[in-house]
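Colleague: Show me the folded form of this:
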Amino acid sequence: MAISYIYVRLGMYLGTKEQMDIVTSQESKDSLTWEDTKKIRYSWNVVNEVLRLMPPAIGTFREAITDFTYAGYLIPKGWKLHTLIGATHKNANYFPDPEKFDPSRFEGKGPAPYTFIPFGGGPRMCPGNEYARLAILVFMHNVVTTFKWEKLIPDEKVLHKPLPVPAHGLPVRLHHHEQRVGL
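Modeller: Sure, this is the predicted structure:
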């Protein structure tokens, strides 16, 4: 779902200048280099904001490793805890106006530690998070520099079953650029 949601947001928020700068600076016009992916900062902010609003998982379970008190309640060692990622990502204490799509939240140092956890956090962070980042950035770069697209159902509803999915699969019409953007 996050990738399909990114399609919609890309058309609205990605300044293709970032992508075109990379394309025009490439010696080989056919592929990105590792250095190129490091330049795709704003696009990654857009992806992070999509992941904040539509996290790829509902939550995660953990076990209390010691007794502790939370909001006046004693949580004994050994109890199973469930973290709701979406609730964490929409906490107004950390993300002002939490329902607003705002990629600038991720500029500079970004959110406070453990407030943005689409891939988990700490020692149990998803081992594939950097691979996911690279795959998403390469995919996005190729889509925005090769195609224009239009969403065929502009106000398509998002269903939660239990993860968010577009009601009709988010159909889009791709229009191939006459030549790759920036070339």
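
Colleague: And the strands in this protein?
Modeller: 59-63, 68-70, 73-75, 80-84, 147-151, 158-160, 164-166, 172-176 (DSSP state E).

Colleague: Quick check: longest helix in this structure by residues?
Modeller: Scanning the chain for the longest helix, with DSSP state H as the assignment, gives helix 129-146.

Colleague: how about the helices in the protein?
Modeller: 2-13, 16-25, 34-38, 41-53, 85-89, 129-146.

Colleague: In terms of mean pLDDT, which of these ranks lowest?
Modeller: Lowest mean pLDDT within these: helix 2-13, a mean of 51.

Colleague: Distance of the closest residue to residue 102 other than its chain neighbours relative to residue 107?
Modeller: Once flanking residues are discounted, residue 102 sits nearest to residue 49: 6.4 Å by CB to CB, 6 or more residues apart in numbering. Backbone N, C-alpha and C define where each C-beta goes, glycine included. From residue 49 across to residue 107, the span is 11 Å (CB to CB, to the nearest Å).

Colleague: which of the two has more neighbours?
Modeller: residue 49 (23 against 10; other CB atoms under 10 Å).

Colleague: ok, now which ones touch that one?
Modeller: Contacts for residue 49 (CB atoms under 8 Å, 6 or more residues apart in numbering) come out as 9, 101-103, 105-106.

Colleague: Which single one of these is nearest to residue 67?
Modeller: residue 105 (34.6 Å; CB to CB).

Colleague: ok, how many other residues are close to the closest one?
Modeller: Neighbours of residue 105 (other CB under 10 Å): 20.

Colleague: do residue 37 as well
Modeller: With other CB under 10 Å as criterion, residue 37 counts 16.
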